[in-house]
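Enquirer: Predicted structure and sequence below. I'll ask about it afterward.
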Amino acid sequence: SAPLTKTFMERRGQRGVTLSHYAPAPALSAERAALLVGRDPLRLGMAYNNIRPWDNAGIHPEESLLVDTFSRAGYHTAFLGNWGLGHAQYQYHPLQRGFDRFEGQLLVDAGSTPPFTAFDGVDLQAEGKPLKQLPEGVANVNQWITHRLQRVWEETSEPVFSLLSFSKPEKVSAPEIEPLIESIISAQPDSLFVVLNRPAGNHLEHALLPPEPTRSMSSAVFIWPEQLPSGAEVTALTSPLDIL
């Protein structure tokens, strides 16, 4: 998820299927929960707000996640970037929710540049261990997770299922994110990619109820060469829980 330009999404859509009426959830935690569980985030207890540093919440351990299906099918699974689905208890950690690898940040509002703070603490992890800094030459978390995904592909013999969530999507710029996405797609041209675009900002923070159409409606693109038709469009209203 990231605030991507209409031109970028249209170019990606020429190579796959566009969901032209994709309505993301009002908060990142809710959208990610709906995506991973395939259920209305209201039923998951996180419909309207992100999970904040002081919250003791997460997806219930008995909920089956999308990643579980890929794990059973023999995929190596990775979550890279902002998790946002629980941190106060270890049972909510991505390494406890079916992912073989986690590198990134537990909170969606953690800073993407040094000192990587969320609330009053540093929020940066690799494989369940805290980090204080990124490798030399890497400017921010978004560059780091892009490099790490490419490393996963190089090091893993199994097929890979991965989720990338770019840091601070409401504040990063499209020129920063779009080349990273393009480099990922170009590196694995035969893979299935789902690019989910979000409006630039949580409409609840702007007191827009109902939200302006430009803030509430976005788009998503599925790219899978020779498996999905190029340039196709789905105009039905869709949401994160429909992806599963």
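Expert: Received the coordinates, thanks. Because the structure is a prediction, the values reported are computed rather than measured.

Enquirer: any chance you could map the strands in this structure?
Expert: 17-22, 76-82, 101-105, 117-118, 121-122, 125-126, 129-130, 160-165, 193-196, 218-223, 232-234 (DSSP state E).

Enquirer: Mean neighbour count for those strands - can I get that in a markdown table?
Expert: Every residue, glycine included, has its C-beta placed from N, CA and C. Written out in a markdown table, the entries for the strands of the chain read as follows (neighbours: other Cβ atoms under 10 Å):
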| stretch | mean neighbour count |
| --- | --- |
| strand 17-22 | 21 |
| strand 76-82 | 25 |
| strand 101-105 | 24 |
| strand 117-118 | 18 |
| strand 121-122 | 14 |
| strand 125-126 | 18 |
| strand 129-130 | 9 |
| strand 160-165 | 22 |
| strand 193-196 | 18 |
| strand 218-223 | 23 |
| strand 232-234 | 13 |
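
Enquirer: want to try CSV for those, with distance to Glu136 as columns?
Expert: Formatted as CSV, the strands of the chain follow (distance: least, Cβ to Cβ, whole Å):
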stretch, distance to Glu136
strand 17-22, 38
strand 76-82, 19
strand 101-105, 17
strand 117-118, 21
strand 121-122, 18
strand 125-126, 15
strand 129-130, 18
strand 160-165, 22
strand 193-196, 29
strand 218-223, 33
strand 232-234, 44
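
Enquirer: Okay, and the beta partners of Leu164?
Expert: Following DSSP bridges, Leu164 is listed with bridge partners Leu80.

Enquirer: if I look at it, how far off is Thr18?
Expert: Taking Cβ to Cβ, to the nearest Å as the measure, Leu164 falls 20 Å from Thr18.

Enquirer: cool, and Ala187?
Expert: As judged by Cβ to Cβ, Ala187 and Thr18 stand 22 Å apart.

Enquirer: and what of Gly121?
Expert: As for Gly121, its distance to Thr18 is 40 Å (criterion: Cβ to Cβ).

Enquirer: What's the mean pLDDT across stretch 31-41?
Expert: The average of the pLDDT scores along stretch 31-41 is 90.

Enquirer: Any chance you could list what contacts that stretch?
Expert: Outside of stretch 31-41, the residues within contact range by Cβ atoms under 8 Å, 6 or more residues apart in numbering are 1, 24-25, 29-30, 44, 46-47, 59, 63-67, 83-85, 163, 165, 196, 198, 239-241, 243-244.

Enquirer: switch to 6 Å and redo it
Expert: Defining contact as Cβ atoms under 6 Å, 6 or more residues apart in numbering, one finds that stretch 31-41 is touched by 24-25, 30, 44, 46-47, 59, 63, 65-66, 84-85, 240-241, 243-244.

Enquirer: Using a markdown table, please lay out the strands of the chain together with mean pLDDT and distance to Asp55.
Expert: Formatted as a markdown table, the entries for the strands of the chain read as follows, by pLDDT from 0 to 100; distance: least, Cβ to Cβ, whole Å:
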| stretch | mean pLDDT | distance to Asp55 |
| --- | --- | --- |
| strand 17-22 | 93 | 27 |
| strand 76-82 | 95 | 15 |
| strand 101-105 | 94 | 15 |
| strand 117-118 | 81 | 12 |
| strand 121-122 | 81 | 14 |
| strand 125-126 | 90 | 18 |
| strand 129-130 | 89 | 20 |
| strand 160-165 | 95 | 18 |
| strand 193-196 | 94 | 23 |
| strand 218-223 | 90 | 26 |
| strand 232-234 | 95 | 35 |
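
Enquirer: Identify all residues paired with Ser218 through a beta bridge.
Expert: Applying DSSP bridges to Ser218, the residues it is bridged with are Tyr22.
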